[in-house]
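Chemist: quick one, structure for this:
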Amino acid sequence: MTWRHVGLLAVLLFAGCGGGSGGGGGPEPVTFQVTSILPRSSSEDVPLSEVILVTFSKPVDASSLTPDSFRVVAESGDEIIGTRVVTPLPQTQVRFTPLSGYYPFATHTIEVTTDVLDQTGEPLDKDYAFQFRTEEEGPVLPVQAQVESKGNPLFTGRFLHRMTRIPGGLFLVAGGYPLDGEPALASAELLFTNGTSQRIVPGPLAARAAHVQVTLADGRVLLAGGESSSFPFVPVASCEIYDPVAGTFSSAAVLHAARSFADAALLADGRVLVTGGQGLANDGVTLIFRADAEIYDPVADAWTLVPSRMETGRASHFSATTLAGDVVIIGGTSGLPSATLWREDTGAFSLQLGTPFFAHFFGAGTALADGRPFVASGVDSRGVTIWDSRYGFLGAVNQMPDPRPFSTATAFPDGRVLLIGGFDLNASPPKIHDTIDVFHPIGATGRIFRAPVTLPKPTSHHASALGSDGKVWITGGIGTLGEGLRQVVAIRPEE
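Modeler: All right, here's what the predicted structure looks like:
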């Protein structure tokens, strides 16, 4: 039976219930209620642009149709944007047309509440909810041929290092640990997009791992904080600047507080906001998560403490500058979902964001192709959090097959995000992932897929970044014996 036949049958059934023959017709239903819906509840493979037709027992007051009283919601919680129109004849039917379509391979719920009124002002007799599932639309996933191993071109194996794209299509790969339990490295390398590496001479001025590394507006690179040793934990406050034109490092103003696993966001005016991080209490022994922040001015070469503090200490979180110039800060607290906002107009922190779905402790963050902050997984979650200025916090339609803390998230320009490697603490014994999950955008959010590819080696505590050639480049990582890896891998965006 086709949808047209189903619609005809629904109309005939309605006519049989509400009409009648002879005289003045049959009696009207006593209450205002939903009598039929198309597509039918529990329908499968509904087209992504299908028009929804809801039939009521009495003529509908069009002014009572709002996004709250009549809406369509995807299983992710995202509302489907569309138009709601009462059909001219009969005025007992409401037509919903999605503006950009439904989400593929997803369950959707049609919600009609008692705020819908008939033309006499009588409310609907009860709330109604109907579900349908849409047809599938195949995701674009990388294939094994797109995973290009460049061998081991790094001069030094390293993990918990940082990798930043600089002018000329190169990457600055700096710091990290060469081996679990050893001091951090005071070395850096240039990675060319042909997969070769060249040592920088002279090298950095200080050893550091898990530090902040951000390319400034003028092309120079700021390296700030980090740690020189993890056993015992020794956070550092020193900073330096790499000049890609001169090919040299020079000292920069020192942070007000030593901090590792902090995060940085480049502000619209060229300054850098550094938030949180791991530090030591006043006793010099107790590990703390910092709730303070400071701003670096590259013109004055000076750090200024932000006058307010975040609502909680956080480390290994993610921060991103919005189009409005504010900074969204997500995650970085164990077991406690948390987010805050640094406001550009006041220079202070605000709690107006609300609460994300997951804690994302040691999760992976990036900015989506449209600029929205995106954070995935962590020690205590397999989920995804997206900050959207229109809708607030969004989650993905589903979650990852496995948690992957110490992974990386890198966005392709087409909206996909590669979630690479990481460490699975829930496995027995714990293992390093050689897998890649792909976040595939769907409407305002997206769905996670396990890519049918594997990395040349299991990879965790590595670094990744998008190159000027459109490839995602991956460097280093920790091996199964705790050694820093020298590997470089590139993933092409499409076959």
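
Chemist: in this structure, where is pLDDT below threshold?
Modeler: 1-29, 495 (pLDDT under 70).

Chemist: pop the domain breakdown of it in here.
Modeler: Domain ranges of the chain: 3-134, 144-491, per automatic domain parsing.

Chemist: so how far is the helix or strand where Ile37 lies off the chain centroid?
Modeler: Assigned by DSSP states H and E, Ile37 belongs to strand 34-38. With CA atoms, centre = their mean, to the nearest Å as the basis, strand 34-38 stands 37 Å off its chain's centre.

Chemist: stretch 177-188 too?
Modeler: Stretch 177-188 sits 30 Å away from the centroid of its parent chain (CA atoms, centre = their mean).

Chemist: what comes up buried for that stretch?
Modeler: For stretch 177-188, a neighbour-count test (16 or more other CB atoms under 10 Å) marks Tyr177, Pro178, Pro183, Ala184, Leu185, Ser187, Ala188 as buried. C-beta here means a position set from N, CA and C on the backbone, and glycine is covered the same way.

Chemist: and if you look at stretch 240-256?
Modeler: Glu240, Ile241, Tyr242, Pro244, Phe249, Ala252, Ala253, Leu255.

Chemist: if we can go back for a sec, moving C-terminal of the strand holding Ile37, what's the next helix or strand?
Modeler: Defined by DSSP H and E, the subsequent element after strand 34-38 is strand 43-46.

Chemist: which of the residues in the helix or strand following that following strand are buried?
Modeler: Per DSSP H and E, the first helix or strand lying C-terminal to strand 43-46 is strand 52-56. Residues of strand 52-56 classed as buried by neighbour count (16+ other CB under 10 Å): Ile52, Leu53, Val54, Thr55, Phe56.

Chemist: out of the buried residues of stretch 240-256, which comes closest to Thr286?
Modeler: Thr286 lies nearest to Leu255 out of those, by CB to CB, at 19.3 Å.

Chemist: how close does the nearest residue to that closest one once chain neighbours are set aside get to Val73?
Modeler: Nearest non-adjacent residue to Leu255, counting by CB to CB, 6 or more residues apart in numbering: Ala237, 4.2 Å away. Ala237 sits 48 Å away from Val73, going by CB to CB, to the nearest Å.

Chemist: kindly report the same for Leu160.
Modeler: 41 Å.

Chemist: also Ala324?
Modeler: In terms of CB to CB, Ala324 sits 27 Å off from Val73.

Chemist: quickly list what the spatially most central residue of the chain is bridged to.
Modeler: What sits nearest the mean C-alpha location of the chain, by CA atoms, centre = their mean, is Phe374, with 1.9 Å. Taking DSSP bridges as the rule, Phe374 bridges to Thr366, Ile386.

Chemist: reduced to three states, what does the residue nearest to Leu255 come out as?
Modeler: coil (DSSP: H, G, I helix; E, B strand; the rest coil).

Chemist: on that earlier part again, which one's more surrounded, Ala324 and Val73?
Modeler: Shown here are Ala324 and Val73; by other CB atoms under 10 Å, Val73 has more neighbours (16 against 11).

Chemist: what helix or strand is that one located in?
Modeler: Using DSSP H and E, Val73 falls in strand 70-74.

Chemist: which strands and helices sit next to that strand?
Modeler: When contacts are defined as 3 or more CB pairs under 8 Å, 6 or more residues apart in numbering; DSSP states H and E, strand 70-74 packs onto strand 93-98, strand 107-112.

Chemist: got the angle between the first one and strand 34-38?
Modeler: Same thing as strand 93-98. 40 degrees (axes from the mean of the first three to the mean of the last three CA atoms, to 10 degrees).

Chemist: can you list the residues that contact strand 93-98?
Modeler: When contacts are defined by CB atoms under 8 Å, 6 or more residues apart in numbering, strand 93-98 is touched by residues 48-56, 60, 65, 70, 72, 80-87, 110.

Chemist: and it, what's buried?
Modeler: Quick answer for strand 93-98 (16+ other CB under 10 Å): Gln93, Val94, Phe96, Pro98.

Chemist: so who does Gln213 touch?
Modeler: By CB under 8 Å, 6+ apart, the neighbours of Gln213 are Arg162, Met163, Thr164, Leu172, Ala174, Gly175, Val221, Leu222, Leu223, Ala224, Ala264.

Chemist: of those, which belong to helices?
Modeler: Using DSSP state H, no member of these sits in helices.

Chemist: most widely separated two among those residues?
Modeler: Greatest spacing in those, by CB to CB: Met163 and Ala224 (15.4 Å).

Chemist: look at those two and report which has more neighbours.
Modeler: Higher neighbour count among Met163 and Ala224: Ala224, with 28 against 23, using other CB under 10 Å.

Chemist: mind listing what that one touches?
Modeler: His211, Val212, Gln213, Cys239, Ala252, Leu255, Ala262, Ala264, Val272, Val274, Tyr296.

Chemist: next: Pro235.
Modeler: Per CB under 8 Å, 6+ apart, neighbours of Pro235: Gly225, Gly226, Glu227, Ala258, Arg259, Ser260, Gly277, Gln278, Gly279, Leu280.

Chemist: redo that, cut-off 6 Å
Modeler: Glu227, Ala258, Arg259, Ser260, Gly279 (CB atoms under 6 Å, 6 or more residues apart in numbering).

Chemist: what's around the closest residue to it other than its chain neighbours, how many residues?
Modeler: If the residues on either side of it in the chain are set aside, Pro235 comes closest to Ala258, at 3.8 Å by CB to CB, 6+ apart. For Ala258, the neighbour count with other CB under 10 Å is 21.

Chemist: okay, Ala258 and Ser468: tell me how far apart.
Modeler: 34 Å.

Chemist: what does Gln91 give?
Modeler: 58 Å.

Chemist: out of the two, which sits in the more crowded spot?
Modeler: Using other CB under 10 Å, the more surrounded residue of Gln91 and Ser468 is Gln91, with 16 against 12.

Chemist: from memory the more buried one sits against Ser57, does it?
Modeler: No - Gln91 is not in contact with Ser57 according to CB atoms under 6 Å; the separation is 11.9 Å.

Chemist: list the buried residues for the helix or strand containing Leu419?
Modeler: Per DSSP H and E: Leu419 is located in strand 417-420. The neighbour-count check on strand 417-420 (16+ other CB under 10 Å) flags Val417, Leu418, Leu419, Ile420 as buried.
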